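**Student:** Only the shape, not the letters, is given here:
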């Protein structure tokens, strides 16, 4: 039996965590959540996710700083990152942090699930 793909959600909105955890769990994902970038880095040390959904505007440590710190971790630098943000310049921000994709808030759930499925399908390609 193959293990479930893991998604790390780094977002300061508990409502986003709750909704995405429910939906993604129903879709067959294991979900790990962090309320800011610092917690996100702690979660990366505990368990390697297959993809990260990253908000940019958060207290304690924002998404830009999280991504910068993440790229210094050899064990994590190749994990796909999808920016999930309400910032009006999401395309530019995603490019700036070298994210693998982006989804604007409020987001379309089908679009989000399609992106995650694409990353999960390739998760064992990287050795």
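**Tutor:** Cool, the structure landed. On a predicted model such as this, the values are computed, not experimentally measured, just so you know. Numbers count the residues shown, from 1 in each chain.
**Student:** Please report how far the closest residue to residue 96 other than its chain neighbours lies from residue 100.
**Tutor:** Once flanking residues are discounted, residue 96 sits nearest to residue 64: 7.5 Å by CB to CB, 6 or more residues apart in numbering. For every residue, glycine as well, the C-beta is placed using N, CA and C. Relative to residue 100, residue 64 is positioned 16 Å away (CB to CB, to the nearest Å).
**Student:** what's around residue 73, how many residues?
**Tutor:** 13 (other CB atoms under 10 Å).
**Student:** Now do the contacts for it.
**Tutor:** 41, 44 (CB atoms under 8 Å, 6 or more residues apart in numbering).
**Student:** for it, helix, strand, or coil?
**Tutor:** coil (DSSP: H, G, I helix; E, B strand; the rest coil).
**Student:** Angles on the backbone of it, please.
**Tutor:** The phi and psi values for residue 73, taken as degrees, to the nearest 10, are phi -90, psi 110.
**Student:** What does the pLDDT read for the residue nearest to residue 96?
**Tutor:** Reading off the confidence values, residue 64 has pLDDT 91.
**Student:** wait, doesn't it sit right on residue 58?
**Tutor:** No: counting by CB atoms under 8 Å, residue 58 is not a contact partner of residue 64; they are 9.9 Å apart.
**Student:** between the two, who's got more neighbours?
**Tutor:** Using other CB under 10 Å, the more surrounded residue of residue 64 and residue 58 is residue 58, with 24 against 16.
**Student:** Nearest residue to that one in space, please, no chain neighbours.
**Tutor:** According to CB to CB, 6+ apart, the nearest residue to residue 58 is residue 12 (4.2 Å).
**Student:** What residues does that neighbour make contact with?
**Tutor:** 35, 36, 55, 57, 58, 59.
**Student:** Perfect, that will be all.
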